[in-house]
Each structure stands twice: as structure tokens, then as C-alpha cells.
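A.B. asks: Predicted coordinates and the sequence they were generated for:
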Amino acid sequence: MTEFDRRVREIAPDQWVLGTPCREWSVRDLVGHLVYEQLWAPELLAGCTVKQVGDRFDHDNLGDDPLVSWVVAAAAAREAWLEPSALAKTVSVSWGSIDAEEYCWQMTTDLAVHAWDLARSIGADERIDPELASTVLAYVERNIDEWSESPSFDSPVPVAADADDQTRLIALLGRKP
């Protein structure tokens, strides 16, 4: 979350309309996606089902101040994840129930990769923490075959055999490093 947060705070007022590596999303859309995801986390970790949450967050969650919207949503999600038993729970997702630890990995992957997307879009430093890149890469490598049919990612992009973990991660998820 820290990597994405840092990039959101660097967005200039005229950059919200810029395109991103996520084909159909502007910078505003990308941040809106992550705000949406963070708003869900406290609800799901509190035991709510997808049906119970319903369409509560299915609107423009950014309002007139996207940065404040991000800060508020991220703080609530962070607080929910820091609960002592958060990772031991089972959470409801759109396709059933999963362990909260798996949900955490999915959220972490989304935040890390979109931190790179956002940095690329606004011309910020694209380097993410090397330990984070390495850890998320290991998770993605374990799961990429399951995700290959998902419309969430483009096909992997070839990179040099000696590419660093961040480059491999970004490329594996269909981005051009």
C-alpha cells in the first residue's frame, strides 16, 4: 500500500486525465479502482458477504478530492488488515469464499503492480521496493497459470533472462517494462 500511496500523492492536478498501462483506464480510473478495492477490505474482513455489501461502492468513490478519498479508504483498509486475527479469517468474494491471507496477497499484488502503472503514467519513479517485488513475483509465479484466462491481465511480455524481479513481475502481468 505504501508504494501506491506514495505515487498517488505525486499526482499533479492536470495528470488525473492521463492514460495508464491499463488500457481503458485514466489515472483517475486507476486510483478509483484502488479506492474501490480498499473500501471493500474492511467490510469483507468484518465478515460481510458480497451480497450484504451490495452496490454500496458502485459509484464514483473519488468525488471532488481523489487524494482525500484515497487516504480515507486506504486508512480504513490498513486498520482492518492490522486487526490481530485479520489473516486468519475467511472472506466472501464474488466467486465464493477464500482465506483472508489469499485475499491479502491479491490486494498486495494489485497495489504493487498498479503503483508501477501509476508511476509510469505520471512520470514518477517506477522502482518499487525490491523485497516487495521479489515477494509478489513469487506469489504471481505460483498463480499465473490459474490467471491465464483472466481478462484482468494481458499476456506476459518477454524479458531478458537476467531481468530483475520487478521487471519480471511487471512483464509477467502483461506490462511492457
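C.D. replies: Nice, I can see it.

A.B. asks: Ala80: neighbour count?
C.D. replies: 18 (other CB atoms under 10 Å). In this view, the C-beta of every residue, glycine as well, is placed from N, C-alpha and C.

A.B. asks: Same check on Arg142?
C.D. replies: Applying other CB under 10 Å, we find 10 other residues in the vicinity of Arg142.

A.B. asks: Is it correct that Trp105 is in contact with Tyr139?
C.D. replies: Yes: if you go by CB atoms under 8 Å, Trp105 and Tyr139 touch, sitting 5.2 Å apart.

A.B. asks: can you confirm Glu126 is in a helix?
C.D. replies: No: Glu126: not assigned to a helix; according to DSSP: H, G, I helix; E, B strand; the rest coil it is coil.

A.B. asks: Against Ala77, how distant is the nearest residue to it once chain neighbours are set aside?
C.D. replies: Once flanking residues are discounted, Glu126 sits nearest to Ala119: 4.4 Å by CB to CB, 6 or more residues apart in numbering. Relative to Ala77, Ala119 is positioned 21 Å away (CB to CB, to the nearest Å).
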